[in-house]
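> any chance you could fold what I've pasted below:
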Amino acid sequence: MLDAKLMMFENRLRKVFKIRAKEASRNHITCYRLYDRDLPEFPLIIDLYEDEVLVTEYRSQHRLTLEEYSAWMDGSMEVVKSVLSKTDKQIHLKERRIKENRRDQYQKTSTNQAFITVHEGGLNFLVNLDDYLDTGLFLDHRITRSMVRDQSKDKKVLNLFCYTGSFSVYAADGLASEVVSIDLSNTYIEWAKKNMELNGFTSSTYTYIRGDVLQELPKLPNNYYDIIVLDPPTFSNSKSMKDIFDVQSMHVELINLCLKKLKKEGQLIFSTNARKFEIYADEIEGAVKEITTSTEPFDYKGKLLRWCFSISK
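Numbering: from 1, shown residues only. Reported below is the predicted structural model:
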């Protein structure tokens, strides 16, 4: 029975790999999502980061014995290696549990410090496939980043909850006159700096602020920025924050504060991966336009679990 299911998984993976690889090659994309829990019996997400493969298992009530589960996992990994022609060292396996008591995005899972450099849009990015819950480069925002680059020439860009600075890198590459990156985590601020430096962006007009966005944003000048990127965590209870952050209950206050920092013709790009998110557009002091579909990459069609909005004064 298990062998038959593995064969089904293999057939599905071969089919989707053939399609996705062609699309990626045609668009010069080397990092993309290959498989996203397509089959209920195989609750895996498989992402390709050039020569490396990240396999994320979403734990479910599989009702298998420990022996059966081990056989299933071993068989699944053999299928992945066979279809993608990879070695054990090129496969990075990660387990992700969906917990009711959600932690913030800065949780560390190991200490291997296994950084590799990957490429996207003609730029270089450091990713880590082992040590953190997330890799350092959110593949679903590939189009959104390009959009920011296309609009950044001679513009002042503010990147809030900047994570590892990928939007900042794109803005700098788009010849932004100023880029400010803010994040609570010193780890990610340093990562953002390294990503910028990796691409030769070392100008003094690129600045970094390590701090709570809710505390730092009011200190910034009003009517100053042309573009603001706002991609906050769904929830955070970090001890470094003054208040517990919940994007659903706090997005209106945060967005309206961002709008005060925008120039009259400026644009706020707001995104969230809160699954049941509802934007309270009537309470927002600006024009709200949903751009989720237009920023949906080919490898996330029908499975994009985030929202994206363009908001102007």
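> now for the least confident helix or strand in the chain by mean pLDDT, which elements pack on it?
Lowest by mean pLDDT, DSSP states H and E among the helices and strands of the chain is strand 235-236, with a mean of 78. Applying 3 or more C-beta pairs under 8 Å, 6 or more residues apart in numbering; DSSP states H and E, one finds that strand 235-236 contacts strand 245-246. C-beta: built from backbone N, CA, C; applies to glycine.
> just checking: what are the partner strands of the strand it packs on?
Within its sheet, strand 245-246 is paired with strand 235-236 (antiparallel), according to DSSP bridges.
> how far off centre is the partner strand?
Taking C-alpha atoms, centre = their mean, to the nearest Å, one finds the center of strand 235-236 at 15 Å from the center of the full chain.
> surely Tyr58 meets Arg37?
Yes: if you go by C-beta atoms under 8 Å, Tyr58 and Arg37 touch, sitting 6.7 Å apart.
> joint contacts of those two?
Common neighbours of Tyr58 and Arg37, using C-beta atoms under 8 Å, 6 or more residues apart in numbering, are 43-45.
> so for Tyr58 and Arg37, which residue has more residues nearby?
Arg37 (16 against 13; other C-beta atoms under 10 Å).
> ok, the residue most central in space within the chain - contacts?
Nearest residue to the geometric centre of the chain (C-alpha atoms, centre = their mean): Phe138, 2.4 Å. With contact taken as C-beta under 8 Å, 6+ apart, Phe138 is in contact with 163, 166.
> from the contact counts, what lies against the helix or strand containing Tyr32?
Assigned by DSSP states H and E, Tyr32 belongs to strand 31-36. Strand 31-36 sits against helix 2-26, strand 44-49, strand 115-120, with contacts defined as 3+ C-beta pairs under 8 Å, 6+ apart.
> mind running it again at 6 Å?
Counting contacts by 3 or more C-beta pairs under 6 Å, 6 or more residues apart in numbering; DSSP states H and E, strand 31-36 is packed against strand 44-49.
> in its sheet, what does the strand it packs on sit against?
Applying DSSP bridges, strand 44-49 is found paired with strand 31-36 (antiparallel), strand 52-58 (antiparallel).
> tell me the buried residues in the next helix or strand after the longest one?
Pointing back at strand 52-58 there. Next in sequence after strand 52-58, counting helices and strands by DSSP H and E, comes helix 66-84. Within helix 66-84, the residues scored as buried using 16 or more other C-beta atoms under 10 Å are 72, 75-77, 79-80, 83-84.
> go on, stretch 219-237?
Applying 16+ other C-beta under 10 Å to stretch 219-237 flags 220, 224-236 as buried.
> strands - which of those residues land there?
Counted as lying in strands by DSSP state E, out of these, are 225-230, 235-236.
> check these and tell me the two furthest apart.
Asp226 and Phe235 (29.7 Å; C-beta to C-beta).
> run a quick neighbour tally on the nearest residue to Glu52 once chain neighbours are set aside.
Closest residue to Glu52 apart from its sequence neighbours, by C-beta to C-beta, 6 or more residues apart in numbering: Gln90 at 5.5 Å. Using other C-beta under 10 Å, Gln90 is surrounded by 16 other residues.
> distance of Gln90 from Leu48?
Relative to Leu48, Gln90 is positioned 10 Å away (C-beta to C-beta, to the nearest Å).
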